[in-house]
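> need the 3D shape of this:
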Amino acid sequence: MHTWDTTNKSSEVGDFSACTGWGSVGEDRYVLNVLRKCIEYPELKRAVCDQCEAFDASVVPIEAMASATQLIQELVGIGQHAITRYRSQADKMMRTPAQSPSRARRNRQPRGSLARCRGDWRSV
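Numbers count the residues shown, from 1 in each chain. Modelled structure (predicted):
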């Protein structure tokens, strides 16, 4: 699975578009890939397609906010069927507490850390 959080435009002070690629074995989850860039729309669309192809993503949730509406429509229109709309129930500030120590333990990651898996994650 690859998840995307997109922005409207790139600038030196603007937000980044971000993609995380995930794998799982049983209850364990692994970060396989992270892409974080300030990019304009055409490059963002190419990046989503490239990541889908490179990692053979079967599910690609994209947060359905204003910055992603056109992106989702166009990707589905060109046959990227792994794309799914994701609408969060709260804003980012409200979702932050959900990343609690108990959730981190369940994912076998210390709170506040990000582990990238190198090599074949399925053999970990």
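> run a quick neighbour tally on residue 2.
23 (other Cβ atoms under 10 Å). The C-beta positions use only the backbone N, C-alpha and C, and glycine is treated the same way.
> quick one: low-confidence ranges for this protein?
For the chain, the stretches flagged by pLDDT under 70 are 8-14, 89-124.
> the same query, at a cut-off of 50, please.
Applying pLDDT under 50 to the chain flags residues 93-97, 99-105, 107, 109-114.
> buried residues in the helix of greatest length in it?
Longest helix in the chain, counting residues (DSSP state H): helix 41-55. Residues 41, 44, 45, 47, 48, 51, 52, 55 are the ones in helix 41-55 that count as buried (16 or more other Cβ atoms under 10 Å).
> the nearest residue to residue 57 once chain neighbours are set aside and residue 81, how far apart?
Spatial nearest neighbour of residue 57, chain neighbours left out: residue 2 (4.4 Å); criterion: Cβ to Cβ, 6 or more residues apart in numbering. Residue 2 sits 14 Å away from residue 81, going by Cβ to Cβ, to the nearest Å.
> likewise residue 73?
Counting by Cβ to Cβ - residue 73 and residue 81 are separated by 13 Å.
> now do residue 59
With Cβ to Cβ as the criterion, residue 59 and residue 81 are 10 Å apart.
> and if you look at residue 61?
Distance, residue 61 to residue 81, using Cβ to Cβ: 13 Å.
> identify the contacts common to these two.
Counting by Cβ atoms under 8 Å, 6 or more residues apart in numbering, residue 61 and residue 81 have no common neighbour.
> between the two, which one's more packed in?
Neighbours were counted for residue 61 and for residue 81 using other Cβ under 10 Å; residue 61 has more, 16 against 10.
> what is that one paired to in the beta sheet?
residue 84 (DSSP bridges).
> at which residues are the helices of this structure located?
For the chain, applying DSSP H gives helices covering 41-55, 69-77, 92-95, 101-106.
> with distance to residue 7 added, can I get those in CSV?
Shown next, in CSV, are the helices of the chain (distance: least, Cβ to Cβ, whole Å):
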stretch, distance to residue 7
helix 41-55, 8
helix 69-77, 11
helix 92-95, 12
helix 101-106, 26
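> much appreciated, bye for now.
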